[in-house]
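A.B. asks: what follows is a predicted protein model with its sequence.
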Amino acid sequence: DTGVSQDPRHKITKRGQNVTFRCDPISEHNRLYWYRQTLGQGPEFLTYFQNEAQLEKSRLLSDRFSAERPKGSFSTLEIQRTEQGDSAMYLCASSRAGAYEQYFGPGTRLTVT
Amino acid sequence: AQSVTQLGSHVSVSEGALVLLRCNYSSSVPPYLFWYVQYPNQGLQLLLKYTSAATLVKGINGFEAEFKKSETSFHLTKPSAHMSDAAEYFCAVSNNDMRFGAGTRLTVKP
């Protein structure tokens, strides 16, 4: 069990650029979640997958955000035309189906200048 | 909809003192409740979970929490604080997506 990994750990981008983050879940976990955390707040749910199917999306996930999990293993989160308000920590978590506890990766900190 | 409220954004205790971090939940169904800890610039680490078994749940690092349905509470305690406990603590409730409280920053004074 190597834990959830995320890449990159830090990303600085200029406003208007596109960015993509990757998450590798714990290998036997078939559920994968994305959260956004801003300074001084708890994580906010964005979306989750069971295997390759995206089952739920938050209203926070605007049309500039897209997430994929094409083979039911790793996932990517893309933000198009980044805005300064997108600056946050993006957290990925995974779990087994039927198990409610989630295990988190170290996060990707995005700074939009 | 399920939600949690953490009372107190900042708690300060002396080393060796009791730690009490408060969490109240709102749920129309029996909740699954969690406490996570977050150290600076890191992800969240699961401390403990309540999944409708024993109401007193023991977790890692000497922490425990008690589920009280009558009070809709799930407070986190530790009998004796250690300097290494200084961190941000989050209470959460889960169905499929997990809903977090705003967090409580614990400071431990020497």
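C.D. replies: Yes, it's here. Residues are numbered from 1 along each chain as shown, chains lettered A, B, ... in the order given.

A.B. asks: now the residue nearest the centre of chain A: how far from chain B?
C.D. replies: Centroid check for chain A by CA atoms, centre = their mean gives A:Trp34 as the closest residue, at 3.4 Å. According to CB to the nearest CB, to the nearest Å, A:Trp34 stands 10 Å off from chain B. Placement of C-beta: from N, CA and C, glycine included.

A.B. asks: from A:Val19, how far off is that residue?
C.D. replies: Going from A:Trp34 to A:Val19 by CB to CB, to the nearest Å gives 14 Å.

A.B. asks: picking up where we left off before, any idea which element the residue nearest to the centre of chain A lies in?
C.D. replies: Element membership of A:Trp34 [criterion: DSSP states H and E] is strand A:31-37.

A.B. asks: show me the contact partners of that strand.
C.D. replies: A:23, A:25, A:43-50, A:60, A:67, A:69, A:75, A:77, A:88-97, A:102, A:107, B:97-98 (CB atoms under 8 Å, 6 or more residues apart in numbering or on different chains).

A.B. asks: partners of it, with directions?
C.D. replies: strand A:44-50 (antiparallel), strand A:88-95 (antiparallel) (DSSP bridges).

A.B. asks: and those, which is most packed in?
C.D. replies: Greatest average neighbour count among the strands paired with strand A:31-37 goes to strand A:88-95 (a mean of 24), per mean count of other CB atoms under 10 Å in any protein chain shown.
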